[in-house]
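J.: structure of the sequence below:
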Amino acid sequence: MLDWAPILFGLLLFILLSPGLLFQIPGNTKAVEFGSFTTNGKAIIVHTLIFFSIFTIFVLAIGVHVYTG
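T.: Numbers count the residues shown, from 1 in each chain. Prediction:
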């Protein structure tokens, strides 16, 4: 049986935490921008750290598993 949790959580977080899609920290003109569909280097680094933190907590610390088959 395959554990699909890392794949599903990674895909979901990647989509939701894409800089500029829902929000962007730091924004181009403000500290937080919502739905701007633009990005910058600082926002990419911040969103990468947020992604890694949430992904690590869900998959490793909490131990979420999704089995199929």
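J.: where along this structure do the helices fall?
T.: Using DSSP state H, the helices of the chain run over 5-16, 41-56.
J.: to His65, which of the ones you listed lies closest?
T.: helix 5-16 (5.1 Å; CB to CB). In this view, the C-beta of every residue, glycine as well, is placed from N, C-alpha and C.
J.: chain center to that closest one, what's the gap?
T.: 7 Å (CA atoms, centre = their mean, to the nearest Å).
J.: can you start the count at 23 instead of 1 from here on
T.: Noted, 23 is the first residue going forward, which turns the last one into helix 27-38.
J.: what is that helix packed up against?
T.: Under the contact definition 3 or more CB pairs under 8 Å, 6 or more residues apart in numbering; DSSP states H and E, helix 27-38 sits against helix 63-78.
J.: which helices and strands does the helix it packs on pack with?
T.: If contacts are counted by 3+ CB pairs under 8 Å, 6+ apart, helix 63-78 sits against helix 27-38.
J.: which outside residues touch the helix it packs on?
T.: The contact list for helix 27-38 (CB atoms under 8 Å, 6 or more residues apart in numbering) reads 43-44, 73, 76-77, 80-81, 86-88.
J.: just the buried members of these?
T.: By neighbour count, with 16 or more other CB atoms under 10 Å, the contacts of helix 27-38 hold 73, 77, 80-81 as buried.
J.: got those as CSV, with pLDDT and distance to Leu35 columns?
T.: Converted to CSV, the buried ones among the contacts of helix 27-38 look like this (pLDDT from 0 to 100; distance: CB to CB, whole Å):
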residue, pLDDT, distance to Leu35
Phe73, 95, 5
Phe77, 93, 6
Phe80, 88, 8
Val81, 88, 10
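J.: ok, of these, which one's closest to Gly49?
T.: Among the buried ones among the contacts of helix 27-38, and counting by CB to CB, the member closest to Gly49 is Phe73, at 17.8 Å.
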